[in-house]
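Novice: Sequence below, structure please.
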Amino acid sequence: MTTQRQYQRQFVRTFFTSPTAVEGEDDSAKMLRSAAKLRGMQAPDTWIPDNEDATAPSMRDEGVENIVEVVAEHGADFPGEIHPRVVWHRDSPSTRYEGFQQMLRIADPEGGAVEYIDGFVIPEVGDLDDWKKADEFLTIVETEHGLKEGSLSMSVIIESGEAELAMSDLRAEMGKPSNNLERLFLLVDGEVDYTKDMRAMTPTGELPPWPELRHNTSRGASAAGLIAVDGPYDDIRDVEGYRDRMRENRAKGMTGIWALTPGQVVEANTAPLPPESGSWNLEIDGTAVELSEEDGLQVYRGDDLSLTETSDGEYHLTVDGEAHDLDEDELREKLLDLAAYVPSMTDIVDSMAEFEAAKDAGRGAIAMTQSTTLSIDGVEVDIERDRMWDEATYQAAQTPIALFQDVYEHRPDQHEELEEMYDTDVVERAMALGD
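Specialist: This is a model prediction of the structure:
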């Protein structure tokens, strides 16, 4: 088996879909034209002209022509990758054939678009045999139009139990002479149709969160050397909910997420990047509460934690509804258990550079110190912890830097915003790490 990748990106933050043809408009391609002009943080890593769910069936033929026209005109300047979504269904040969015809028309060199098309998104896949059918159609499209075999990537949307189970077999099948599954790029969750396929119900009618699906997709992508992307977050006004969802996903190794609006694109493009500044949190009642920095102190302002110093130099701490009478050392240990530091981009770069220098000097591990002064109800407490950095710690810290390096390499249109965010010197140092 071989697993040579057919693409260069290691990370994808954003999967942005646009209707290919809007009924009742003077210019049915208006949404495509608008998306094609996005730049900087508003432009997605992957743009999906969507000729399936986002486009009415009666408009899909026109949608194909719109894709060809708009991509041929604007594709050279679009800063992300372009992956049209065509129709497909595991249980419908006629729908699969229709998707094949759409790919043939979009990839025709005479239309001028295929030069800027990176691949196709195949929805509603079933078991692995169905994935192979889509792969075979793509091979035929490449052959028909004289394109290099494997030059068009294939991404699939996991919208059924069959497709979820197929991810477990993918690693063993990729690279066999009988298929070109190495063209696979993204594994994308489609929770809406997945919910329908699973016949799942909730009292409110809202979608279940499906953490198992997201975990399985992330695991399947990791095992096969692919990239996992979460599905759409429909409440486009719930910015905090979108951020929470992305935070949960990143803890599963899933960086990418579907974006339905340019506003969601900006959120999804920026959320995975290392913070501009570090921050201290206290874990209270299962929630991380960010502290405010004031005059060099990390200040807690809230009602769920209280601290007083008694007349005999002891301390009375109430947290999570429990009272504790502690001496100074016990208080410090208790607060250290509650406190956590979220490192900034500069912190990560400094720590990694220090470890690289130590490793070059022949040292296998070094201690890094984090310290601050907490202020709770006016009582100040100094806390300090040492963290050992070894090669495993370094490799774990490298993930956010690897993401940043990938973004900086593949998205030159975002250079100015990134340098404003972090400072040019920090960016240069980050790009030099790992060399």
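Novice: what are the ranges of the strands in the stretch 151-300 of the chain?
Specialist: Listed in chain order, the strands of the stretch 151-300 of the chain (DSSP state E, counting those that start in this stretch) span 153-158, 184-189, 227-230, 256-259, 279-284, 287-290, 292-294, 297-300.
Novice: neighbouring strands for the last one, and are they parallel or not?
Specialist: So the one you mean is strand 297-300. strand 292-294 (antiparallel), strand 366-376 (parallel) (DSSP bridges).
Novice: quick one: buried residues of the longest one?
Specialist: In other words, strand 366-376. Using 16 or more other C-beta atoms under 10 Å as the test for burial, strand 366-376 gives 366, 368, 370, 372, 374-376. C-beta coordinates here come from the backbone N, C-alpha and C atoms, glycine included.
Novice: just stretch 393-401 next, same as before
Specialist: For stretch 393-401, the neighbour count (16+ other C-beta under 10 Å) marks 393-394, 397, 400-401 as buried.
Novice: got the CA coordinates for stretch 146-164 in CSV?
Specialist: In CSV, the C-alpha atoms belonging to stretch 146-164 read as follows (Å, rounded to 0.1, in the frame of the first residue of the first chain):
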residue,chain,number,x,y,z
GLY,A,146,-6.4,14.5,-21.2
LEU,A,147,-5.7,15.5,-17.6
LYS,A,148,-3.1,13.9,-15.5
GLU,A,149,-4.4,10.9,-13.6
GLY,A,150,-5.0,11.9,-10.0
SER,A,151,-4.9,15.6,-10.7
LEU,A,152,-8.5,16.1,-9.5
SER,A,153,-8.9,15.5,-5.8
MET,A,154,-12.0,13.9,-4.3
SER,A,155,-13.6,14.9,-1.1
VAL,A,156,-16.6,13.0,0.3
ILE,A,157,-19.4,14.1,2.7
ILE,A,158,-20.2,11.5,5.4
GLU,A,159,-24.0,11.5,5.5
SER,A,160,-24.8,7.9,6.3
GLY,A,161,-23.9,5.1,8.7
GLU,A,162,-22.5,3.3,5.6
ALA,A,163,-20.1,6.1,4.9
GLU,A,164,-19.1,6.3,8.6
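Novice: Now Glu52: which helix or strand?
Specialist: For Glu52, there is no helix or strand it lies in under DSSP states H and E.
Novice: wouldn't it be in contact with Thr95 here?
Specialist: No - Glu52 lies out of contact with Thr95 (C-beta atoms under 8 Å); the separation is 9.7 Å.
Novice: Who has more neighbours out of those two?
Specialist: Per other C-beta atoms under 10 Å, whichever of Glu52 and Thr95 has more neighbours is Glu52, with 25 against 17.
Novice: Show the contacting residues for the more buried one.
Specialist: Contact partners of Glu52, counting by C-beta atoms under 8 Å, 6 or more residues apart in numbering, are 85-88, 123.
Novice: tally of neighbours for Thr287?
Specialist: By other C-beta under 10 Å, the residues close to Thr287 number 9.
Novice: what's across from it in the sheet?
Specialist: According to DSSP bridges, the partner residues bridging Thr287 are Ile284.
Novice: and if you look at the one 5 residues further on?
Specialist: For Ser292, the residues forming beta bridges with it (DSSP bridges) are Val299.
Novice: which residues does it contact?
Specialist: Neighbour list for Ser292: 298-299, 301 [criterion: C-beta under 8 Å, 6+ apart].
Novice: ok, back up a step: looking at the buried residues of stretch 393-401, which one is closest to Pro203?
Specialist: Using C-beta to C-beta, Pro400 is the member of the buried residues of stretch 393-401 that sits closest to Pro203, with 38.4 Å.
Novice: Touching, that closest one and Asp347? I think so.
Specialist: No - the criterion here is C-beta under 8 Å, and Pro400 misses it with Asp347 at 10.8 Å.
Novice: ok, now which ones touch the residue lying closest to Tyr422 once chain neighbours are set aside?
Specialist: Residue nearest to Tyr422 in three dimensions, not counting chain neighbours: Met345, with 5.1 Å by C-beta to C-beta, 6 or more residues apart in numbering. By C-beta under 8 Å, 6+ apart, the contact set of Met345 is 273-276, 404, 422, 426, 430.
Novice: which of those residues lies closest to Ala259?
Specialist: Top of the list for closeness to Ala259, among the contacts of Met345 and by C-beta to C-beta, is Leu273 at 15.4 Å.
Novice: Let me know the pLDDT of the closest one.
Specialist: pLDDT for Leu273: 96.
Novice: Now do Ile157 against Thr318, distance only.
Specialist: Per C-beta to C-beta, to the nearest Å, Ile157 is found 49 Å from Thr318.
Novice: Who has more neighbours out of those two?
Specialist: More neighbours surround Ile157 than the other of Ile157 and Thr318, with 27 against 13 (other C-beta under 10 Å).
Novice: is that one in a bridge, and if so with what?
Specialist: Judged by DSSP bridges, the bridge partners of Ile157 are Val188.
Novice: thought it was touching Val121?
Specialist: Yes - in this structure, Ile157 is within contact of Val121 by C-beta under 8 Å, at 6.6 Å.
Novice: hey, what's in contact with both of these two?
Specialist: Here Ile157 and Val121 share the contacting residues 85, 188, scored by C-beta under 8 Å, 6+ apart.
Novice: Report the buried residues of stretch 424-435.
Specialist: Neighbour counts over stretch 424-435 (16+ other C-beta under 10 Å) mark 426-427, 429-430, 433 as buried.
Novice: Show me the residues you listed that map onto helices.
Specialist: 426-427, 429-430 (DSSP state H).
Novice: Count the residues that sit near Gln101.
Specialist: 16.
Novice: Over to Glu25?
Specialist: Using other C-beta under 10 Å, the number of residues around Glu25 comes to 10.
Novice: Equivalent analysis for Trp210, please.
Specialist: By other C-beta under 10 Å, the residues close to Trp210 number 19.
Novice: Can you pull the phi and psi angles for it?
Specialist: phi 50, psi 50 (degrees, to the nearest 10).
Novice: Fine by me, we can end here.
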